[in-house]
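Enquirer: 3D, please:
(one chain, ligands or ions: 2)
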Amino acid sequence: MGEEVAVVELTPDLGFVNQLVERAGDSFKRCYQCGTCSVVCPFAAEDLQLPRKQMLMAQWGMKSEMMADPILWVCTTCGNCARLCPREVDIPGTITAVREAVLVESGISPELATAFENTVVRGNPLGSPARRRADWAKQAQVEVPIMSTLDRPTDVLFYVECYWSFHERGQQAAQAMARTLNRLGVDWAILGTEERCIADSQRAAGESGLFEEEAAKNIATLGKYTFSRLVTPDPHAFNALKNRYPKLGATYPVQHYTQFLAERLSELPLNPIPERLVTFHDPCYLGRHNGEYEAPRRLLEAIPGIHLTEMAHCRADGFCCGGGGGGVWNSGLVAEQVDERLAVRRVREAVASHAEVLAVCCPFEVSLFEDAVKLTGNEGHLVVRDIIELLDESLASGAAQP
Ligand code: SF4
Ligand code: SF4
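Expert: Numbering: from 1, shown residues only. Ligands and ions are numbered 1, 2, ... in the order given. So this is what the prediction gives:
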């Protein structure tokens with residue numbers, strides 16, 4: 001007797017296929033199911049067949065099957081799959097297009113819905129009061145100029161973004177950045193309460209409409225002021241300002257803060273700090289999506305006392321923290337689908353490198369990794385620090401206060 005073969009009835013929804021082509025192009029039609037993407041996906045160990053299965057379902061217009069499969073919402077759009085796809089399929093773009101196409105009909109997790117609603121109502125996904133956006137500046141120990149009160153052009157408009165504005169650990173990083181900019185004598189300012197979320201992660205999670213509405217508001221606000229460049233600590237905001245805003249008619253010179261500071265390394269009077277072994281986590285949206293691997297490493301290597309070591313996955317091969325593509329707000333749904341969070345896997349890798357410090361430069365990462373350090377019982381063995389905190393420590397060490 002031969003083995004019984006399950007017959008799957010395919011009912012291609014060609015309208016759905018065309019919708020995906022309109023949103024993300026037709027590269028998904030080139031997929032020949034080699035499976036490379038599923039092997040290099042950070043969720044490979046979970047055997048979810050992500051994203052090979054989604055590409056097949058997209059080709060066949062299997063809209064209702066895709067809507068019914070929660071795996072659609074697990075992808076972090078980290079881009080490691082697309083990097084190695086032999087058919088150059090825009091996998092994160094296709095997954096985002098599917099999310100956009102089914103968002104209203106399929107429903108989303110309550111956590112994601114709350115993040116979207118908070119962004120609309122309060123201008124940030126955390127749900128913090130908009131009027132408190134610049135409260136972090138009160139503890140910065142230096143003056144933090146606000147564009148609207150400065151009433152003149154500036155060199156740098158520092159786009160603080162939401163996690164550095166509102167999250168307790170992010171605020172500490174923002175304060176360190178303010179001190180560093182003042183030490184450098186940079187002519188800078190922030191938007192203060194006029195700033196709203198750039199919402200690139202909401203876009204990657206499927207809310208392109210929300211992204212465009214926020215972009216229109218942000219472009220109008222930025223249009224009121226004259227500045228030479230935007231600098232931001234958030235790789236997701238950096239990605240949108242660099243690659244998506246020009247398509248909406250707004251082009252600005254923009255740098256991630258590590259790029260801005262790496263260009264000024266010779267002007268930073270760095271002092272020795274206690275010797276420690278540090279490893280660095282490449283943010284997907286700074287590294288893979290925008291090709292910047294060196295600036296953060298140059299900053300770390302310049303701090304006397306820091307010895308840099310690499311994890312098994314680094315640079316283009318870096319392992320996602322789990323925060324992108326809406327993952328930072330979708331932890332409940334992801335936990336139902338996977339055995340181990342990506343941040344936990346990454347922390348295990350950092351511990352295996354023997355590093356004492358896990359250095360980061362994306363605002364999502366500090367809290368994700370600090371939680372993972374606790375979950376893995378590594379408190380006291382590994383600490384998580386934003387690069388700006390390490391720079392600030394070095395600048396303050398043995399130097400007069402700013
Ligand atoms: S790597 Fe590319 S061609 Fe191979 S299965 Fe994945 S999407 Fe298809
Ligand atoms: S973008 Fe990242 S998480 Fe999403 S399918 Fe590709 S490798 Fe997996």
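
Enquirer: Tally up the residues packed near G291, please.
Expert: The number of residues packed around G291, counting by other Cβ atoms under 10 Å, is 9. (Each C-beta comes from the backbone N, C-alpha and C, glycine too.)

Enquirer: Show the pLDDT at it.
Expert: G291 is assigned 98 on the pLDDT scale.

Enquirer: cool, A399 as well?
Expert: Confidence at A399, expressed as pLDDT, is 56.

Enquirer: got it, and E4?
Expert: pLDDT recorded at E4 is 56.

Enquirer: residue contacts, G93?
Expert: Neighbour list for G93: A24, G25, S27 [criterion: Cβ atoms under 8 Å, 6 or more residues apart in numbering].

Enquirer: Try it again at 10 Å.
Expert: Applying Cβ atoms under 10 Å, 6 or more residues apart in numbering to G93 gives the contacts L20, R23, A24, G25, S27, F28, T77, G79, A82, A204.

Enquirer: Pull the most distant pair out of those.
Expert: Based on Cβ to Cβ, the longest span within the contacts of G93 runs between L20 and G79 and measures 18.1 Å.

Enquirer: out of the two, which sits in the more crowded spot?
Expert: Shown here are L20 and G79; by other Cβ under 10 Å, L20 has more neighbours (24 against 21).

Enquirer: Check which residues of the host helix or strand of that one are buried.
Expert: If you go by DSSP states H and E, L20 is part of helix 14-24. Going by neighbour count (16 or more other Cβ atoms under 10 Å), the buried part of helix 14-24 is F16, V17, Q19, L20, V21, R23, A24.

Enquirer: Kindly indicate which of those lies nearest E213.
Expert: R23 (17.2 Å).

Enquirer: for the next helix or strand after the helix holding L20, packing partners?
Expert: Downstream of helix 14-24, the first helix or strand assigned by DSSP H and E is helix 36-40. With contacts taken as 3 or more Cβ pairs under 10 Å, 6 or more residues apart in numbering; DSSP states H and E, helix 36-40 sits against helix 52-59, helix 80-84.

Enquirer: between the ones you listed, which one is nearest to ligand 1?
Expert: Among the helices and strands packed on helix 36-40, helix 52-59 comes nearest to ligand 1, with 4.3 Å by Cβ to the nearest ligand atom.

Enquirer: Tell me if that closest one is near ligand 1.
Expert: Yes: interface with ligand 1: helix 52-59 contributes R52, M55 (Cβ under 6 Å from any ligand atom).

Enquirer: got it, and stretch 31-42?
Expert: Yes: interface with ligand 1: stretch 31-42 contributes C31, Y32, Q33, C34, G35, T36, C37 (Cβ under 6 Å from any ligand atom).

Enquirer: any residue of that stretch up close to ligand 2?
Expert: Yes: when contact is scored as Cβ under 6 Å from any ligand atom, part of stretch 31-42 falls within range of ligand 2: C41, P42.

Enquirer: list the buried ones in that stretch?
Expert: C31, C37, S38, V40, C41, P42.

Enquirer: Distance check, the fifth one against H381.
Expert: Yep, that's C41 we're talking about. Separation of C41 from H381 (Cβ to Cβ, to the nearest Å) stands at 28 Å.

Enquirer: Same check on the fourth one?
Expert: Separation of V40 from H381 (Cβ to Cβ): 29 Å.

Enquirer: returning to what we had before: if we look at the helix holding L20, which residues are touching it?
Expert: Residues from elsewhere that reach helix 14-24, judged by Cβ under 10 Å, 6+ apart: 13, 26-29, 57-64, 66-67, 89-102, 208.

Enquirer: Can I have the buried ones of those residues as a ChimeraX selection?
Expert: With 16+ other Cβ under 10 Å as the criterion, this ChimeraX line picks the buried residues out of those:
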select :27,28,57,58,59,60,61,62,63,66,67,89,90,91,92,93,94,95,96,97,98,99,100,101,102,208
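
Enquirer: related to what we said a few turns ago, a markdown table please, covering the buried residues of helix 14-24 and showing distance to ligand 2 and pLDDT.
Expert: Output for the buried residues of helix 14-24, formatted as a markdown table (distance: Cβ to the nearest ligand atom, whole Å; pLDDT from 0 to 100):
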| residue | distance to ligand 2 | pLDDT |
| --- | --- | --- |
| F16 | 19 | 96 |
| V17 | 19 | 97 |
| Q19 | 20 | 96 |
| L20 | 15 | 97 |
| V21 | 19 | 98 |
| R23 | 16 | 96 |
| A24 | 13 | 97 |
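
Enquirer: Check the spacing between the one residue in the stretch 151-300 of the chain that gets nearest to ligand 2 and V121 real quick.
Expert: Per Cβ to the nearest ligand atom, C284 is where the stretch 151-300 of the chain lies closest to ligand 2, at 7.6 Å. Shown here: C284 relative to V121, a distance of 28 Å by Cβ to Cβ.
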